[in-house]
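Undergrad: build me a model from this:
(one chain, ligands or ions: 2)
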Amino acid sequence: MTVRVPAKVNVQLAVGAARPDGFHDLANVFLAVGLYDEVTVTEADELRVTCEGPGADQVPLDRTNLAARAAEALAARYGRRADVHIHIAKDIPVAGGMAGGSADGAAALVACDALWGTGASRAELLDICAELGSDVPFSLVGGAALGTGRGERLTGLTVGGTFHWVFAVADGGLSTPAVYGEFDRLTPRAPAPEASEPLLEALRTGDATALADTLANDLQPAALSLFPSLTATLRTGTTAGALAAIVSGSGPTTAFLTKDKESAHRVAEALLASGTCRAARVAEAPAPGATVIEPRP
Ligand SMILES: C[C@](O)(CO)[C@H](O)COP(=O)(O)OP(=O)(O)OC[C@H]1O[C@@H](n2ccc(N)nc2=O)[C@H](O)[C@@H]1O
Ligand SMILES: Nc1ncnc2c1ncn2[C@@H]1O[C@H](COP(=O)(O)OP(=O)(O)OP(=O)(O)O)[C@@H](O)[C@H]1O
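TA: Ligands and ions are numbered 1, 2, ... in the order given. All right, here's what the predicted structure looks like:
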């Protein structure tokens, strides 16, 4: 059973003050983008995880892997053993702020559900996703959605067109808790987070220029503080003609919104030539959520 699952970019990430449980309330506008991991699950004697692709050496292969945790959570709920081999073909940058691990968790859940024929409802699967991590429910649903609470409570959003993006993959990663910690240090009195109406309207109408004018990431100052060289990457993309440049989620991947496909390729070339990133990837949005691709439905 093979499931394809997309990466995400946060077109708006409004962050409130730290809660007593250590998490932050968010107004998190997720957009799924067409960079995908593929997770294949097959029956085995015991739970085992393997991984191939860029950054595979940084992915844990033990039971801390989100895909393994997803399989175990579903198995526990249905009173069975999670005896599966999970193979992850990685294409989403690892520790890049694009929800790569979350994507693998959601994909493994959908794959095991299909393999075992549990018949779990969408709501049940989303509950398990929320237990696994704040970004995991969105990886399941894809498209675009507003995440509130710690980002796990989703409301689907309409997207009226295709957006063209470039993602600059940085040399190195950033830890999500460290970036939230830096946000707390830099923002002693964060206001309650609210979704931006003009941004939601730009998504609805599919207007890239309007979306570019409204992109906002409250974690960006914290990511730049911990990874100062990203400032040069952002500048390179806008100089090369991107409509807007932003840090993706907790970073250090940077995201560039462009007018069209041609412009995206020009910006990607300029980013690569500048030496300010390790790789530049072009992708379209929105992309569908975790979907079984093999056996063909
Ligand atoms: C930065 C984003 O990727 C934006 O979508 C997410 O907010 C992070 O989501 P995630 O990686 O799924 O995060 P989780 O695995 O739930 O939490 C990891 C850590 O990130 C911090 N965290 C995460 C989400 C949130 N709303 N507030 C937080 O402070 C906490 O320190 C938490 O211990
Ligand atoms: N299946 C997985 N793929 C990648 N990393 C995983 C996986 N499972 C657990 N991890 C751990 O999670 C850490 C974060 O990796 P991930 O690629 O999810 O980062 P991220 O994209 O920045 O996450 P997010 O955007 O959700 O904050 C890794 O350093 C790794 O130790």
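Undergrad: show me what contacts Phe23?
TA: 134, 150 (C-beta atoms under 8 Å, 6 or more residues apart in numbering). Yep, even glycine has a C-beta here, placed from its N, CA and C like the rest.
Undergrad: go again with 7 Å.
TA: Arg150 (C-beta atoms under 7 Å, 6 or more residues apart in numbering).
Undergrad: again with Gly55
TA: Contacts of Gly55 (C-beta under 7 Å, 6+ apart): 90, 93-94.
Undergrad: and Thr176, by the same measure?
TA: Counting by C-beta under 7 Å, 6+ apart, Thr176 has contacts Ser250.
Undergrad: model confidence for it, exactly?
TA: Confidence at Thr176, expressed as pLDDT, is 96.
Undergrad: next one: Arg296
TA: Confidence score, pLDDT, at Arg296: 87.
Undergrad: what is the nearest of the contacts of Gly55 to ligand 2?
TA: Val94 (4.5 Å; C-beta to the nearest ligand atom).
Undergrad: skipping adjacent residues, who's closest to Gly53 in space?
TA: Take Gly53 and drop its neighbours on the chain: the residue closest to it by C-beta to C-beta, 6 or more residues apart in numbering is Lys90, 3.5 Å away.
Undergrad: get me the contact residues on the protein for ligand 2.
TA: 58-60, 65-67, 88, 94-102, 104, 135, 176, 249-250 (C-beta under 6 Å from any ligand atom).
Undergrad: can you tell me which of the residues you listed are buried?
TA: 59, 65-67, 88, 94-102, 104, 135, 176, 249-250 (16 or more other C-beta atoms under 10 Å).
Undergrad: and those, which of them are in helices?
TA: 66-67, 100-102, 104, 176 (DSSP state H).
Undergrad: of all the residues you listed, which two lie farthest apart?
TA: Greatest spatial distance in those: Ala67 and Thr176, 17.6 Å, computed using C-beta to C-beta.
Undergrad: thinking again about what came up before, out of the buried ones among the residues of the chain next to ligand 2, which touch ligand 1?
TA: 99, 102, 135, 176, 249-250.
Undergrad: pick out the most distant pair among those residues.
TA: Farthest apart among these by C-beta to C-beta are Ser102 and Ser250. That separation is 11.9 Å.
Undergrad: can you map out the helices along the stretch 1-150 of the chain?
TA: 66-77, 100-116, 122-132, 136-141 (DSSP state H, counting those that start in this stretch).
Undergrad: turn these into CSV, columns for mean pLDDT.
TA: Listed next are these as CSV, based on pLDDT from 0 to 100:
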stretch, mean pLDDT
helix 66-77, 98
helix 100-116, 98
helix 122-132, 98
helix 136-141, 98
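Undergrad: how about those in TSV, adding distance to Val41?
TA: Shown next, in TSV, are the helices of the stretch 1-150 of the chain (distance: least, C-beta to C-beta, whole Å):
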stretch	distance to Val41
helix 66-77	7
helix 100-116	4
helix 122-132	15
helix 136-141	15
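Undergrad: out of those, nearest to Ala222?
TA: helix 100-116 (19.6 Å).
Undergrad: angle of that closest one against helix 122-132?
TA: 140 degrees (axes from the mean of the first three to the mean of the last three C-alpha atoms, to 10 degrees).
Undergrad: which outside residues touch helix 100-116?
TA: So helix 100-116 is contacted by 1, 3, 5-7, 37, 39, 41, 66-67, 69-71, 74, 78, 80, 84, 86, 88, 92-94, 120, 125, 128-129, 132-133, 135-136, 139-140, 290, 292 (C-beta under 7 Å, 6+ apart).
Undergrad: mark which of the residues you listed are buried, thanks.
TA: For these, buried by 16+ other C-beta under 10 Å: 1, 3, 5-7, 37, 39, 41, 66-67, 69-71, 74, 84, 86, 88, 92-94, 120, 125, 128-129, 132-133, 135-136, 139-140, 290, 292.
Undergrad: you'd agree Ala73 is up against Cys129?
TA: No: Ala73 is beyond contact range of Cys129, at 9.2 Å (criterion: C-beta atoms under 7 Å).
Undergrad: which other helices and strands does the longest strand along the chain contact?
TA: Counting by DSSP state E, the longest strand found in the chain is strand 24-43. Counting contacts by 3 or more C-beta pairs under 7 Å, 6 or more residues apart in numbering; DSSP states H and E, strand 24-43 packs against strand 2-18, strand 84-89, helix 100-116, strand 144-148, strand 279-285.
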